[in-house]
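**Student:** coords please:
(one chain, ligands or ions: 1)
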Amino acid sequence: MVDIVKRSDEPPVEVFPLVDPHDDGIRPAGPPDACFYCQQKVGQSHKRDCVVVSKKVWVRYSFDVEIEVPHAWTPEQIEFHRGESSWCASNALVELNERYPDTEDSVCPCAIFDCTYLGTIDEIPRTKVRAPPEPEPPPDPEDFHPLW
Ligand SMILES: [Zn+2]
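**Tutor:** Numbers count the residues shown, from 1 in each chain. As a prediction, the model looks like this:
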C-alpha cells in the first residue's frame, strides 16, 4: 500500500471523481463494478493515486531531426525560416511522419525525442467516461410473424 501525502494545494479527496458505471477505469480484465486500477467500487471515489484520474499540464515536446536547407543559409536564416517565416510547423509534423511512420517495420523516434514539463494548467481531477452501450433497437414490425 502506498502512503499518500496530501499537499496543501491538492483538492480534498471528497471532490475526487466517483467511479462511474461507464468509467474508463472499468476494464474487461477486472470486475465489472470496480475500477481496475484502484479497486474502488462504482459510486466510490477513485483513490488518490489512481492512474485514471488526470490533470492538465503543459509539456514541451522536442525532436532533434536532420533536414535539408539551401547550402548558403546561415544558422540565423535556418531558424528564421523554420521559426518566424510563413513556414508552418504542420510541415514539421509531416516531415516527422514521413521519417518515422507508425508502421511495424519503421524506426521509432524515441532516440531523438525529449519531453520537458513546463507547468500545471489546473489540478482539477478528471476521469473519462465511455458512452453507455446503445440500447437494442426495437424489433422491426415487418419482421413480426405471429404464430397462428
Ligand atoms: Zn480508480
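
**Student:** so for stretch 24-32, mean pLDDT?
**Tutor:** For stretch 24-32, mean pLDDT is 94.

**Student:** same check, this time on stretch 78-95
**Tutor:** Per-residue scores along stretch 78-95 average to 93.

**Student:** kindly format the C-alpha coordinates of that stretch as CSV.
**Tutor:** C-alpha atoms of stretch 78-95 as CSV (Å, rounded to 0.1, in the frame of the first residue of the first chain):
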residue,chain,number,x,y,z
ILE,A,78,17.6,28.5,-40.9
GLU,A,79,16.0,29.5,-37.6
PHE,A,80,14.1,32.4,-39.2
HIS,A,81,12.8,30.2,-41.9
ARG,A,82,11.5,27.5,-39.5
GLY,A,83,10.5,29.7,-36.7
GLU,A,84,9.4,33.1,-37.9
SER,A,85,8.7,33.0,-41.6
SER,A,86,5.4,31.8,-43.2
TRP,A,87,6.6,28.2,-43.0
CYS,A,88,4.0,26.3,-41.0
ALA,A,89,5.0,24.0,-38.2
SER,A,90,2.5,21.5,-39.5
ASN,A,91,5.2,20.8,-42.2
ALA,A,92,7.4,19.6,-39.3
LEU,A,93,4.7,17.1,-38.3
VAL,A,94,4.5,15.9,-41.9
GLU,A,95,8.3,15.5,-42.0
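
**Student:** what's next to that stretch, contact-wise?
**Tutor:** Applying CB atoms under 8 Å, 6 or more residues apart in numbering, the contact partners of stretch 78-95 are Phe63, Val65, Ile67, Val69, Trp73. From N, CA and C alone the C-beta is placed, and that goes for glycine too.

**Student:** so which of the residues you listed are in strands?
**Tutor:** Judged by DSSP state E, the contacts of stretch 78-95 include Phe63 as members of strands.
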